[in-house]
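**Student:** Task: produce atomic coordinates for the following.
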Amino acid sequence: MSRKHAHLDVEQLSEGNMLPLEVAWRWSGASLIAIFGLAAVFLVLAFMAGELIPENAFGEHTAPVKALLPVALIAVASRRLWCGLAGWKTESRAVIDGRSVTVTTKRWLKSHQWSEPLANYDGVRWQRYKIQTSTRDVPVTRDEQRFRHVIELVHPDEAKTIPLAVKTTGRRHVLEYLIERATTRGAARRSAHHAAESDLRPLWETLAASLGLPAIDARDGASEVRQAVDLDKSIRQMADEGSIAVDWNDNAPPPSLAVEQRGSADDPASQELHLTVHAASLPKPVFYILGGMGGFFLFLGVWNLEFRPVFAGLLLGGVAFGIWYLQRKNPNRIIITRKEVRHEDRLVQRRSFALPLCEIESIHVRDRDSELTNTRTLKLSGKELLLSTDRTERAMGAGLKDDELEWLRGYLVAAIAKA
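**Tutor:** Below is the predicted model of the structure:
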């Protein structure tokens, strides 16, 4: 996942999001401060290198090292300074008129311009990168994590990809949750600086519709592509138009999902579909780590006949078993009525929600790790389903396997379309 545009400040110069669209971008102040700060650190190290290296640290090579190391550090600092100055004096501007994209880049006293047909672009892509913010007296918590969102006009040649908007928001649903719990000054402060991630969806969809290009959602480890004509349409609308498949899955439900039909056949309004998810939402590696550490300490205590390792092992094992038992005795439930889909999580109430069927625009499988880190190659948290509307996005199905999530996705789409 490229971070090419995440460090930029992007300004839309044209009014609204209609064509012709004009945007300008340059390096953000935070990026420039970081670059100049790093250059200053290298310069300080260069002047102190002689004092930091002990005498005879490298034997007969100590003198050459003391002579060459400051030169190398100054060269690195100079490179950083040049990059910072170049970024500070560089500004780009793009004009998109519906037929072509014209980009003008100014650096120092020089100017460079190039054009590309709009038809050569793949779509409007939405990406997200995790950042963290903190103050001196308040540490970063899970709810304080923030994200840098990049909406860009993507081209097969990455050098011709154009940033359209760069925004910073908090984690999904944190704003709503903090507003509900804002009983302290600290909670109110966190509410104030979190923006709703769902606010970016209308901007992303409007830009794609204005340009007549597909909208590409690349936030969750995979790209979900929606054509411009289908933007802002609900699943039910697309099903009525025949643009999506809504046939029921004839295969039996997976072992982790129990399906039950309730209500009277003579009263359609009373009919409901209840799905019980028999899967632990906590990532399995957490159980393995707690159980493994508990077993290790227990073995160590029994081997050495010491009470404290035995107690630690029983405690860790008890925590792992307790979490597993609570999740098994309180499975998540998905209820589909004629009007809405509800997700009930009795252990974590903030994960419960209800969405009107007429508002749900897409359901796709997302990688849970993508909200925690952008560079992790070892996927520990698994996947889940993400239900998207214009006003919010909510997740369900954590703990299910990939094939079970695909079955659940098809079942939900068919149920929503036929409700």
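**Student:** Every contact and neighbour count from this point should use C-alpha atoms.
**Tutor:** Will do.
**Student:** in the protein, what spans have low per-residue confidence?
**Tutor:** Within the chain, the stretches falling below the threshold (pLDDT under 70) are 1-3, 57, 131-145, 170-199, 220-222, 248-250, 368-381.
**Student:** Helices of that one, start to end?
**Tutor:** Here the chain has its helices, by DSSP state H, at 29-52, 62-88, 174-180, 185-193, 200-211, 235-241, 284-304, 307-329, 402-418.
**Student:** how far off helix 29-52 does the second one point, in degrees?
**Tutor:** Interaxial angle, helix 62-88 versus helix 29-52 (axes from the mean of the first three to the mean of the last three C-alpha atoms, to 10 degrees): 170 degrees.
**Student:** Check which helices and strands helix 62-88 is in contact with.
**Tutor:** With contacts taken as 3 or more C-alpha pairs under 8 Å, 6 or more residues apart in numbering; DSSP states H and E, helix 62-88 sits against strand 21-27, helix 29-52.
**Student:** try 7 Å this time
**Tutor:** helix 29-52 (3 or more C-alpha pairs under 7 Å, 6 or more residues apart in numbering; DSSP states H and E).
**Student:** contacting residues around the helix it packs on?
**Tutor:** 7, 66, 69-70, 73-74, 77, 80-81, 84 (C-alpha atoms under 7 Å, 6 or more residues apart in numbering).
**Student:** Now for those residues, which sits with the most neighbours around it?
**Tutor:** residue 77 (24 neighbours; other C-alpha atoms under 10 Å).
**Student:** wait, what's in contact with residue 300?
**Tutor:** Under the criterion of C-alpha under 7 Å, 6+ apart, the neighbours of residue 300 are residue 309.
**Student:** Quick check: closest non-adjacent residue to residue 18.
**Tutor:** Distances taken as C-alpha to C-alpha, 6 or more residues apart in numbering place residue 210 nearest to residue 18, at 5.8 Å, with adjacent residues excluded.
**Student:** neighbours of the nearest residue to residue 21 once chain neighbours are set aside, just the number please.
**Tutor:** Take residue 21 and drop its neighbours on the chain: the residue closest to it by C-alpha to C-alpha, 6+ apart is residue 96, 5.0 Å away. Counted with other C-alpha under 10 Å, residues neighbouring residue 96 total 20.
**Student:** Next: residue 155.
**Tutor:** Residues near residue 155, counting by other C-alpha under 10 Å, number 19.
**Student:** quick one, what contacts the closest residue to residue 385 other than its chain neighbours?
**Tutor:** In space, not counting the residues next to it along the chain, residue 385 is nearest to residue 365; the distance is 4.6 Å by C-alpha to C-alpha, 6+ apart. With contact set as C-alpha under 7 Å, 6+ apart, residue 365 has these partners: 383-386.
**Student:** that older thread, could the helices of the chain be laid out in CSV, adding distance to residue 20?
**Tutor:** As requested, the helices of the chain are arranged in CSV below (distance: least, C-alpha to C-alpha, whole Å):
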stretch, distance to residue 20
helix 29-52, 28
helix 62-88, 27
helix 174-180, 34
helix 185-193, 32
helix 200-211, 9
helix 235-241, 29
helix 284-304, 50
helix 307-329, 53
helix 402-418, 37
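**Student:** nearest to residue 350, of those helices?
**Tutor:** Taking C-alpha to C-alpha as the measure, the helices of the chain were each checked against residue 350, and helix 174-180 came out nearest at 7.1 Å.
**Student:** Does residue 149 touch residue 128 like I think?
**Tutor:** Yes: applying C-alpha atoms under 7 Å as the test, residue 149 and residue 128 come out as touching, 4.4 Å apart.
**Student:** okay, these two: which has more neighbours?
**Tutor:** Legend: neighbour count by other C-alpha under 10 Å for residue 149 and residue 128, higher for residue 128 (25 against 21).
**Student:** The more buried one and residue 322, how far apart?
**Tutor:** Residue 128 sits 35 Å away from residue 322, taking C-alpha to C-alpha, to the nearest Å as the criterion.
**Student:** go on, residue 66?
**Tutor:** Note on residue 66: its distance to residue 322, by C-alpha to C-alpha, is 59 Å.
**Student:** before we move on, what about residue 21?
**Tutor:** Residue 21 sits 56 Å away from residue 322, going by C-alpha to C-alpha.
**Student:** Among the helices of the chain, which comes closest to residue 357?
**Tutor:** Comparing the helices of the chain against residue 357 with C-alpha to C-alpha, the closest turns out to be helix 402-418 (6.2 Å).
**Student:** What are the buried residues along that closest one?
**Tutor:** 404-417 (16 or more other C-alpha atoms under 10 Å).
**Student:** The stretch 251-400 of the chain: strands as residue ranges?
**Tutor:** 257-262, 272-277, 332-336, 340-344, 353-356, 362-367, 383-388, 393-396 (DSSP state E, counting those that start in this stretch).
**Student:** So which of the contacts of helix 29-52 is the closest to residue 232?
**Tutor:** Within these, the smallest distance to residue 232 is 29.6 Å, found for residue 7 (C-alpha to C-alpha).
**Student:** Next, that closest one: phi, psi?
**Tutor:** Residue 7 adopts backbone torsions of phi -90, psi 10, taken as degrees, to the nearest 10.
**Student:** Test my guess that it contacts residue 25.
**Tutor:** No: using C-alpha under 7 Å as the test, residue 7 is too far from residue 25 to be in contact (10.1 Å).
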